[in-house]
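> sequence first, predicted model second:
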Amino acid sequence: MNDATDTPTIQRLELYFTDAAQERILDLRDNMHKPAQLRIYVQGGGCSGFEYKIDMAQEFGEDDILVKINPYIEVYVDPFSAPYLEGTTVDYETNNMGSRFAFKNPQAKSTCGCGSSFSIE
C-alpha cells in the first residue's frame, strides 16, 4: 500500500453516486481544500454472501481503480471488488429508522432486508 499522496492508475469503472450521496460525502470530509477520498469495497459476510463497505481512504494499492465522481470526490476500488461493484449506484437515504448509504447494484441477484449485503448467484 502507498500513502494517499501517490496517484493510482485510472481505469474505467461504472460507479454512480446520487446527489444525496455526494452531498453527504462532502459533509463528512475532513479537509475542505482537498477532494474527499473514499474507499468502496465488498467483502465476504452478511446475510447474503457479500457486504458493501465504504470508508475514508487512507491508503491504496498500485492496482486500485480511481473513479472521479466530480472534482471534489474521488473513490478508490480494489481489483477484487471492482467486478462486483460495476454499474452500482450509491445513494444516501434518511428515514425515521436512521440514515445510511444504500447500494443499488444491478448485478445483485438477492439482497438482505437491510440492503447492506448481496449475492451474485
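Looks like it came in fine.

> neighbours of T89, just the number please.
By the measure other Cβ atoms under 10 Å, the count of residues near T89 is 15. Every residue, glycine included, has its C-beta placed from N, CA and C.

> surely it meets F17?
Yes. Counting by Cβ atoms under 8 Å, T89 does reach F17; the two are 7.3 Å apart.

> what mean pLDDT does the top strand by length along the chain get?
Secondary structure of the chain read by DSSP state E shows that its longest strand is strand 36-45. In this model, strand 36-45 has a mean pLDDT of 88.

> cool, and stretch 70-88?
92.

> now do the end-to-end distance for it.
Using Cα to Cα, to the nearest Å, the end-to-end distance of stretch 70-88 comes to 16 Å.

> contacts for it?
8, 11, 13-17, 22, 25-26, 35-42, 50, 57, 60-61, 63-69, 103-107, 120 (Cβ atoms under 8 Å, 6 or more residues apart in numbering).

> switch to 7 Å and redo it
8, 13-15, 22, 25-26, 35-42, 50, 57, 60-61, 63-69, 103-107, 120 (Cβ atoms under 7 Å, 6 or more residues apart in numbering).

> before we move on, what about stretch 20-37?
Contacts of stretch 20-37 (Cβ under 7 Å, 6+ apart): 4, 38, 56-57, 69-74, 76, 90-92, 101.

> how about the strands in this protein?
2-3, 15-17, 36-45, 49-56, 59-60, 65-70, 73-77, 88-95, 98-104, 110-111, 117-119.

> which of those strands is buried the deepest?
Among the strands of the chain, strand 73-77 has the highest mean neighbour count (mean count of other Cβ atoms under 10 Å), at a mean of 22.

> now that strand - C-alpha only, PDB.
The C-alpha coordinates for strand 73-77 follow below in PDB (Å, rounded to 0.1, in the frame of the first residue of the first chain):
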ATOM      1  CA  ILE A  73     -15.000  13.300  -4.700                       C
ATOM      2  CA  GLU A  74     -12.500  10.500  -5.600                       C
ATOM      3  CA  VAL A  75     -13.400   6.900  -5.000                       C
ATOM      4  CA  TYR A  76     -10.800   4.000  -4.800                       C
ATOM      5  CA  VAL A  77     -11.800   0.500  -5.600                       C
END
